[in-house]
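> Sequence and computational prediction follow.
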Amino acid sequence: MNYIDLETFSETPIKHGTYRYASSCEAMICTYAFGDGPVQTWDITADQKMPGDLAYILDDSDELLTAHSSMFDRNVLRYALGIDIPIPRWRDTMVKALSHGLPGGLDILCDILKVPQDLAKIKDGRRLIHLFCKPLPANSKLRRATRATHPQDWKAFLAYAANDVSAMRDIDAKLPTWNYRDGELALWRLDQRINDRGLCVDTEFAKAAIAAVEREQKRLKKKTQALTSGGVASATQRDRLLAHIVEAYGIELPDMQMATLERRLNDPDLPIELRELLAIRLQASSTSTGKYAALLRGVQEDGRLRGTLQFAGAARTRRWAGRTFQPHNLPRPDLDAEEIAFGIEAIKAGGADLLVDDVMGLARNAMRGAIIAPPGKKLVIADLANIEGRAGAWMAGEEWKLQAFLEYDAGHGPDLYNLAYAKSFNVDPDDVTKDQRQIGKVQELMLQYAGGVGAFVTGAATYGIDLADLARTAGPNIPGDVRIEAEGMWKWCHDAHTKRRLRFVCGLEREVFVVCDSLKRMWRREHPEIVSLWTDLEEATRQAIARPGNTVECRMFKLRREGAWLRIRLPSGNYLCYPSPQVADDGTISYMGMNQYSKTWCRISTYGGKIFENECQGVAGDVLKAGMPDIEAAGYEIVLTVHDSAMTETPDDPAFSAPALAAIITKPREWTTGLPLAAAGFETYRYRKD
């Protein structure tokens, strides 16, 4: 194995995306090593002629190259040095780490894996990167630092670059390969081709959307100033706005969250000026131009945005994570497709403020529409239907639910969200109303992983359910024995003067809490196999951690403590990996992971329901991955995956269709026997949510 690392300079910030950066950068240093041999350095700024040994290796089609974040080095070689190394010859230590539950940063991996490094040199290396790899500050006399302007620093920079290759090689040797071989490697190579392919962007629309939002922000600022007599400069100033409302109207709002504002907007007793002010706050804080700007910054001269996917970027589950403009967390639209399509044309024509009431909301809803099909092509999209719910029932052996999925797919069974509500309240699924179906939807999507009232509250906010209305609607139908148990939970929370217990109340009024807790209990009664699997997984995890080298079986899963990792084998043969697992004296299970809020490597507690969630999401990802090679072979060019869906570009020809794409991704595999798969999709020339 050969190792390579490149240091570059560019006026373009790296946050604009790997491809946009690489296409405009200058390669300054190349450090490399052949196998266990010494690290060598090619100072390109001193001698542009490539060393013969490096040229030989790069030209030899049988030689493999390893880089840390190889997408970067591969594209720098291609754009800056004119050397196009085929994807199959590359390996990637960052992807290898991510695939086993570790973070991707080189420095933190050295700490975790105990790879010796000189911390002083690392700290100085960051300074040197800022010095040599980007333009100097505008007030500097020099545009950039070079080996000529800073000779001593340049010598230190050469040493730092060589140290990265040594660290990468040591990390490669210490990492496992369970999720980084054979099929997974082939999928990563496909992922690289997808990133190379990129997305077609409607830059005209993105620019128009930014301009429309900026005009609307100015208008809303003026309106806010007028309504507050100049006391508040902008509705986005939360604290000043709250203070003004108290002073001017004698009303104290607990927060400025969307649900709070929407509830108060419906209060007829509020002065009309205050309602208008709250409506402005909702609009002003509902969107930003950040994603549109990210699209424009990253798009290349051919109108395509590349590098939007990170293979195995989602911790532990090995699903993709979004990059550049974060396609995985685009806002959930609350306008229908026709309204959004009309709004996009209005924005492009520069007349959105004349044709729609809420420009900010329209811009938020229309973000997906900035991705389009190029001329002569169309977008064909398919989404696995309720794959986590199906996988959960399959892995737990919840037979009635598996049968319900099969009957629904065959066209003679009830919708599963209707069925969830119907089973909870012992009513006929055909009698479930639209509002009741929403309750069933929240039950299905939020309670499968041992979630309680807090999960229900989160789901209600996501799907627009007013919990006070929920309590009034569902409360009278709660069975008496369930209500008694839920009221006991409320009392338990309040009798204990501890934050740990009171946090379960989630700030809810008693009746709202009791109804939410009751709905949780009713769902659990109907899912005995899933509920028992939470407990079984927790116990199996404790046993596996306590008995290194021994395999513990738990239904479809095999758990094993292997060195510093707890591995859970999924039905596909891939693994969930938990570094440094522990069981505390009180039975609490924990492992080392990246805290999603603090972005620090720390100990994270887990439990049976959370482990089950990781398994369901891992299986969902494996189902989608299994179909991707077949999708490509059928002529559908994948340009993006978002959660459980695949977006493809195809010729604008009836031979390519959403039903055909759905059939490919739901094709039975040897390991999916008994898993009822279904998918639905649509065709479009502009990306949208179906």
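On my side now, so go ahead.
> How about residues contacting the host helix or strand of N418?
Assessed by DSSP states H and E, N418 sits inside helix 416-425. Contact with helix 416-425 is made by 386, 389, 401, 404-405, 408, 413-414, 427-432, 436-441, 443-444, 474, 477, 519, 522-523, 526, as judged by CB atoms under 8 Å, 6 or more residues apart in numbering. All C-beta spots, glycine's among them, are computed from the backbone N, C-alpha and C.
> Give me the subset of the residues you listed that lies in helices.
Using DSSP state H, the subset of the contacts of helix 416-425 located in helices is 389, 401, 404-405, 408, 436-441, 443-444, 474, 519, 522-523.
> Put the buried members of the contacts of helix 416-425 into a ChimeraX selection.
Selection command for ChimeraX covering only the buried members of the contacts of helix 416-425, criterion 16 or more other CB atoms under 10 Å:
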select :386,389,401,404,405,408,413,414,429,432,436,437,438,439,440,441,443,444,474,519,522,523,526
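> what residue ranges in the stretch 51-200 of the chain score low on pLDDT?
118-123 (pLDDT under 70).
> Please name the nearest non-neighbouring residue to P51.
Excluding its sequence neighbours, the residue lying closest to P51 (CB to CB, 6 or more residues apart in numbering) is W42, at 5.5 Å.
> Give me the contacts around the host helix or strand of the one you found.
If you go by DSSP H and E, W42 is part of strand 40-43. The contact list for strand 40-43 (CB under 8 Å, 6+ apart) reads 28-33, 50-51, 53-54, 147, 158, 161-162.
> buried set for it?
Counting neighbours by 16+ other CB under 10 Å, strand 40-43 gives W42, D43 as buried.
> how far out from the middle of the chain is that strand?
For strand 40-43, the distance from its own C-alpha centre to the chain's C-alpha centre is 38 Å (CA atoms, centre = their mean, to the nearest Å).
> same deal with stretch 419-438?
Centre to centre, stretch against its chain (CA atoms, centre = their mean), the figure for stretch 419-438 is 31 Å.
> now the stretch 301-450 of the chain, which segments are flagged as low pLDDT?
In the stretch 301-450 of the chain (pLDDT under 70), no residue qualifies.
> That one: strands as residue ranges?
304-305, 309-310, 321-322, 371-372, 377-384 (DSSP state E, counting those that start in this stretch).
> quick one: which of those is nearest F342?
strand 371-372 (16.4 Å; CB to CB).
> Identify the residues contacting that closest one?
L199, C200, V201, D202, L379, L640, Y685, R686, Y687.
> List the residues that contact the third one.
Taking CB under 8 Å, 6+ apart, we find V201 in contact with L295, L296, V299, G303, R304, L305, A370, I371, I372.
> who's it bridged to?
Beta-bridge partners recorded for V201 (DSSP bridges): I371.
> separation between the nearest residue to R304 once chain neighbours are set aside and S23?
Nearest residue to R304, sequence neighbours excluded (CB to CB, 6+ apart): G198, at 3.9 Å. Distance of G198 to S23, given as CB to CB, to the nearest Å: 12 Å.
> which residues do these two both contact?
The contact sets of G198 and S23 overlap at Q300 (CB under 8 Å, 6+ apart).
> More neighbours: the two, which one.
Shown here are G198 and S23; by other CB atoms under 10 Å, G198 has more neighbours (22 against 18).
> Straight-line length of stretch 599-613, end to end?
21 Å (CA to CA, to the nearest Å).
> What are the contacting residues of that stretch?
Against stretch 599-613 from outside (CB under 8 Å, 6+ apart): 103, 108, 111-112, 392, 395-396, 448-451, 530, 533-538, 541, 568, 576, 578, 580, 582, 588-595.
> repeat that with 7 Å
103, 108, 112, 449-450, 533-535, 537-538, 541, 588-595 (CB atoms under 7 Å, 6 or more residues apart in numbering).
> and it, how far from the chain's centre?
That offset, for stretch 599-613, works out to 17 Å (CA atoms, centre = their mean).
> Going by neighbour count, which residues in it are buried?
W601, I604, T606, Y607, G608, G609, K610, I611, F612, E613.
> Equivalent analysis for stretch 235-253, please.
Applying 16+ other CB under 10 Å to stretch 235-253 flags A235, T236, Q237, R240, L241, L242, H244, I245, A248, L253 as buried.
> Surely the fifth one and A284 touch.
Yep, that's L241 we're talking about. No: contact between L241 and A284 fails when scored by CB atoms under 7 Å: they sit 9.8 Å apart.
> intersection of neighbour lists for the two?
A235.
> tell me what the helix or strand containing A486 is packed against?
Assigned by DSSP H and E, A486 belongs to helix 480-495. The contact analysis (3 or more CB pairs under 7 Å, 6 or more residues apart in numbering; DSSP states H and E) places helix 480-495 against helix 499-502, helix 510-525.
> So which of those has the densest surroundings on average?
Most buried of the helices and strands packed on helix 480-495, by mean neighbour count (mean count of other CB atoms under 10 Å): helix 510-525, with a mean of 22.
> Also compute the angle for that helix relative to helix 416-425, please.
Going by axes from the mean of the first three to the mean of the last three CA atoms, to 10 degrees, helix 510-525 is angled at 100 degrees with respect to helix 416-425.
> and for the next helix or strand after helix 510-525, what are the contacting residues?
Next along the chain after helix 510-525, taking DSSP H and E as the criterion, comes helix 528-546. Helix 528-546 is contacted from outside by 392, 396-398, 448, 450, 524, 552, 554-555, 559-561, 566, 581-583, 587, 589, 607-609, 611-612, using CB under 7 Å, 6+ apart.
> Make a ChimeraX selection of the buried ones in those residues.
Restricted to buried positions by 16+ other CB under 10 Å, the ChimeraX selection for the contacts of helix 528-546 reads:
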select :392,396,398,448,450,524,552,554,559,560,561,566,581,589,607,608,609,611,612
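> Let me see the domain layout of the protein.
Per automatic domain parsing, the structural domains of the chain span 2-175, 198-307+331-370, 399-526.
> out of these, which comes closest to T317?
Per CB to CB, nearest to T317 of the domains of the chain: domain 2-175, 9.5 Å.
> Straight-line length of that closest one, end to end?
16 Å.
> Over to stretch 674-687 now: how far is its first residue from its last?
33 Å.
> ditto for stretch 330-341
End residues of stretch 330-341 are separated by 17 Å (CA to CA).
> how about it: buried residues?
L330, P331, P333, L335, A337, I340, A341.
> go on, stretch 41-59?
W42, D43, I44, T45, L54, I57, L58.
> Among the contacts of helix 528-546, which lie within helices?
G392, A396, R524, G608, G609, I611, F612.
> Against L576, how distant is the last one?
In this structure, F612 and L576 are separated by 11 Å, where distance is defined by CB to CB.
> got it, and the fourth one?
Distance from G608 to L576, counting by CB to CB: 14 Å.
> re the thing from before, including distance to R316, could the domains of the chain go into CSV?
Conversion of those to CSV gives the following (distance: least, CB to CB, whole Å):
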stretch, distance to R316
domain 2-175, 5
domain 198-307+331-370, 23
domain 399-526, 14
